[in-house]
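Novice: Sequence plus predicted model, see below.
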Amino acid sequence: MNYKLRCVHCGRIYDPNDVRYTCPICGQRLGTLEVIYERQGIVNRDFDVEHRGIWAFSEFLPIKREHFEVPLLVGNTPIYEERKLADELGLASLYIKDDGRNPTASYKDRASAVAIAKAKELNIDTIYCASTGNAASSIAGLSAASGMKSIIFVPKSAPAAKLTQLLVYGATVIAVDGSYDEAFDLSMEIGEKFGWYCRNSAVNPYLLEGKKTGAMEAALQLGWNVPDFAMVSVGDGTVVSSIYKGFKDLKDVGFVDRIPRMIGVQAEGANAVMRTFESGKFDVPRDMVAHSIADSIAVGKPRDVLKACKYVRASGGRFVSVSDEEIGRAVVELSRKTGVFAEPAGAAAYAGLKKIHDELKGRSVIIFVTGNGLKDVGSARRFVGKVYSVKPIKEEVEEALRNAGAI
Ligand SMILES: Cc1ncc(COP(=O)(O)O)c(C=O)c1O
Ligand SMILES: [Zn+2]
């Protein structure tokens, strides 16, 4: 598909052969680029997501796909209708899109697959990224599958499962004794110096294109009936922007008749995008020092803040923030009510719904669960009951069952 790149700040349009990452005039922070397509002809409605995952939507992707697909099935994640929970919350309907079911167990695989295809187009065999964890494990896993090298910068505080995932896949891992925001800035400097391909959120305009397939898949699975609201957790702001754009691209070709109102959910200790949105000055980011148990969205210097604010406003939506306590409880409650075990950042979207469900009475809602709970069992453990340890003696087992209230 032919496309151009447009700066989200100044609106200048670039040929992708001239500019690789961000607008040279507006800079890395505000000058993130949007991919705009020069569509010719009608899009085929026959999307074989089951076999091809995200590549089923190749007519919406900026890729010469015949050469560069990752040999793993990315996307094709399940969507569940939760009737009982919808009734409890007073909603007309509630859907959960479980993207923890991707090859490396997070939404980020959708973006990494596209990044790898792009690196291959450019004949670059090493990809780098700074990440709170999931983008890193995703690019590490998909690089391994594609015979590429990956160099990863993570904050030292990344959960053990995510770090192990990186090492298992053979990535070179640099754990920065600092925040994600510091790891990000360092990675940009070093990656550029060595000429590696950049898979950093927001800076690389193609990541959002991969991520938008989550919305497209959801719309397809719902028979092109789009819910009224979409709940999405927000760190840098790319995922929420991508979900808006996925629905928008479908609306532009007439496959859906509207775009859901996007509700971006942030952690209270890391709500810079929300604060920027509420200030009304989208190009003056309200950066902060970030803290949250939802490590994936513990971002103080959000890189896609302008786009996220513009797109959420265009959808008629808004942002909410939730406490660590609410996120922790949401991990447990979502698991118990639906069987979907989300990592804290994934469950944050559900915590956001719990917070504002009174306002959404009688409406339809989709929650995007962006990461699997096994990524961070340590955080979940703080919000669950204890294990009953016994000797292998029947009486002890029965006593433990009584204590647990199970008999
Ligand atoms: C599980 C999970 N949810 C949500 C997000 C938020 O995405 P973004 O940083 O693009 O806002 C991330 C990003 O790392 C993530 O890993
Ligand atoms: Zn610009």
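Specialist: Thanks, I have it. All figures in this text were calculated on a predicted structure; none of them were measured in a lab. Ligands and ions are numbered 1, 2, ... in the order given.

Novice: And the strands in the stretch 151-300 of the chain, which stretches?
Specialist: Under the criterion DSSP state E, counting those that start in this stretch, the stretch 151-300 of the chain contains strands at 172-176, 197-198, 229-233, 261-267.

Novice: hmm, who's touching the second one?
Specialist: Read that as strand 197-198. If you take CB atoms under 8 Å, 6 or more residues apart in numbering as the criterion, strand 197-198 is touched by 21, 115, 118-119, 122, 124, 126-129, 188, 191-192, 204. Glycine gets a C-beta too; all of them are placed from N, C-alpha and C.

Novice: Buried ones among those residues?
Specialist: Buried by 16 or more other CB atoms under 10 Å: 21, 115, 118-119, 126-129, 188, 191, 204, out of the contacts of strand 197-198.

Novice: Show me what from the stretch 301-407 of the chain comes close to ligand 1.
Specialist: 343, 345-346, 370-371 (CB under 6 Å from any ligand atom).

Novice: Neighbour-wise, which one of these leads?
Specialist: In terms of neighbours by other CB atoms under 10 Å, those top out with G346 at 35 neighbours.

Novice: That one: which element?
Specialist: helix 344-356 (DSSP states H and E).

Novice: ok and that helix relative to strand 229-233, angle-wise?
Specialist: Inter-element angle recorded for helix 344-356 and strand 229-233: 140 degrees (by axes from the mean of the first three to the mean of the last three CA atoms, to 10 degrees).

Novice: Tell me if I am right that C10 is in a strand.
Specialist: No - using DSSP: H, G, I helix; E, B strand; the rest coil, the assignment for C10 is coil, not a strand.

Novice: Does it touch G27 like I think?
Specialist: No - at 10.4 Å, C10 does not count as touching G27 under the criterion of CB atoms under 8 Å.

Novice: Can you report how many residues lie near the closest residue to ligand 2 within the stretch 151-300 of the chain?
Specialist: Residue nearest to ligand 2 within the stretch 151-300 of the chain: D283 (10.6 Å; CB to the ion). Counted with other CB under 10 Å, the neighbours of D283 add up to 14.

Novice: likewise E88?
Specialist: E88 is flanked by 12 other residues according to other CB under 10 Å.

Novice: That one falls within a helix, correct?
Specialist: Yes - assignment of E88 by three-state DSSP places it within a helix.

Novice: what's D287 sitting at in phi/psi?
Specialist: Dihedral pair for D287: phi -70, psi 160, per degrees, to the nearest 10.

Novice: what's the spacing between it and T104?
Specialist: Here the criterion is CB to CB, to the nearest Å. By it, D287 lies 29 Å from T104.

Novice: confidence score at Y3?
Specialist: The score at Y3 is 95. That number is its pLDDT.

Novice: dump the residue contacts of it.
Specialist: Contacts of Y3 by CB under 8 Å, 6+ apart are 16, 35-38, 62.

Novice: likewise F68?
Specialist: 116-118, 120-121.

Novice: Among those residues, which are located in helices?
Specialist: 116-118, 120-121 (DSSP state H).

Novice: follow-up on the earlier one: now, which of the buried ones among the contacts of strand 197-198 lie close to ligand 1?
Specialist: Contacts with ligand 1 within the buried ones among the contacts of strand 197-198, counted by CB under 6 Å from any ligand atom: none were found.
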